[in-house]
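Asks: Just need the structure, nothing else, for what follows:
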Amino acid sequence: MIRSFTIASLTALALSASAVAGPVHAGDVFLTTDGGRITTGGYDAGVFTPGRVFGSEFGEIAPNYSDEPGFDNLPGTFTPGTSIGFNFRKALRVWNGSDFNTIAPVQIEFSFGPLGPVTTPLSDVLTSGFSVAVAANGEWHEHYDMTLLAPATDGVYLLEMELFSDQSGLDASLPFWFVFNQNTSELIHDEAIEYVEQNIVPAPGAAVLLAAGGLLGLRRRRR
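Replies: From the prediction side, this is the model:
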């Protein structure tokens, strides 16, 4: 069942976020919790906006590589001593100019220091990633090393993921999507992101539309 936020819960999130000091890395997927579930979105000027679609650009640091977006949150969000991990929910898809119905002929590899690598599946099989510990202050600010493997064909790629925690009483996030751009124009990337928002992400509840101004909290990563 898809949960929706209430206006009251969104207001509480915004107020609690504003009340806690601590830098938030611009461009990252912002994490918080609501109703016993990890939630994803954006964070700007002390306000959390729910969101489930996030852009990424390969090649900004090194060819076929990205470490953006990362994940960030305010101190105290999670319980110290617990860990957060990820799952790939489906195979990588490639944009064909009109949809993401085609499984990509390439894969993306995730690693984090000595952890991994874990590679996106070639079919729609839930694939477990790895977990990273929450910091002593309750923050989980991490950036995975993400590499598009050979032949690293140019295009726009869609990856469906989820985050999970071993914290008692905290459910996994709803699915969210990274839309990766490999050497195509910003216009094509934006068109693909818009398609995901309109055709793949389940429609949010009316309370979310009212509280978030009708936006899904799209975050594009460009330098």
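Asks: Please make it C-alpha for all contacts and neighbour counts, starting now.
Replies: Fine.
Asks: Per-residue pLDDT of the residue nearest to residue 60 when sequence neighbours are not counted, please?
Replies: The spatially closest residue to residue 60, leaving aside those adjacent along the chain, is residue 66, at 7.0 Å (Cα to Cα, 6 or more residues apart in numbering). If you check residue 66, the pLDDT there is 98.
Asks: same question, residue 205
Replies: Confidence at residue 205, expressed as pLDDT, is 46.
Asks: Test my guess that the residue nearest to residue 60 contacts residue 56.
Replies: Yes. With contacts counted by Cα atoms under 8 Å, residue 66 reaches residue 56, the gap being 7.3 Å.
Asks: that older thread, what are the bridge partners for the residue nearest to residue 60, then?
Replies: On the basis of DSSP bridges, residue 66 takes part in beta bridges with residue 146.
Asks: okay, now it: neighbour count?
Replies: A count of neighbours around residue 66, defined by other Cα atoms under 10 Å, yields 23.
Asks: so what strands line up beside the strand ranked longest in the chain?
Replies: Longest among the strand segments of the chain by residue count, using DSSP state E, is strand 155-165. Within its sheet, strand 155-165 is paired with strand 83-88 (antiparallel), strand 93-94 (antiparallel), strand 176-182 (antiparallel), according to DSSP bridges.
Asks: can you pull the contacts of the residue lying closest to residue 103 once chain neighbours are set aside?
Replies: Closest residue in space to residue 103, ignoring its immediate chain neighbours: residue 93 at 4.4 Å, by Cα to Cα, 6+ apart. In this structure, residue 93 makes contact with 100-104, 157-159, judged by Cα atoms under 8 Å, 6 or more residues apart in numbering.
Asks: so can I have a markdown table of those residues showing neighbour count, distance to residue 135 and pLDDT?
Replies: Output for the contacts of residue 93, formatted as a markdown table (neighbours: other Cα atoms under 10 Å; distance: Cα to Cα, whole Å; pLDDT from 0 to 100):
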| residue | neighbour count | distance to residue 135 | pLDDT |
| --- | --- | --- | --- |
| 100 | 20 | 36 | 98 |
| 101 | 10 | 39 | 97 |
| 102 | 13 | 39 | 97 |
| 103 | 19 | 36 | 98 |
| 104 | 19 | 35 | 98 |
| 157 | 26 | 31 | 98 |
| 158 | 25 | 30 | 98 |
| 159 | 20 | 27 | 98 |
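Asks: Tell me the one among these nearest to residue 132.
Replies: Nearest to residue 132 among the contacts of residue 93 is residue 159, at 20.1 Å by Cα to Cα.
Asks: Okay, and the beta partners of the closest one?
Replies: Listed by DSSP bridges, the beta-bridge partners for residue 159 are residue 178.
Asks: Would you check that it makes contact with residue 175?
Replies: No. With contact taken as Cα under 8 Å, residue 159 and residue 175 are classed as non-touching, separated by 10.0 Å.
Asks: Check which helix or strand residue 194 maps to.
Replies: Take DSSP states H and E as the rule and residue 194 turns out to sit in helix 186-199.
Asks: ok and that helix relative to strand 176-182, angle-wise?
Replies: Using axes from the mean of the first three to the mean of the last three Cα atoms, to 10 degrees, one finds that helix 186-199 and strand 176-182 are set 160 degrees apart in direction.
Asks: Figure out how far helix 186-199 is from the centre of its chain.
Replies: Remark: helix 186-199 is offset 16 Å from the chain centroid, using Cα atoms, centre = their mean, to the nearest Å.
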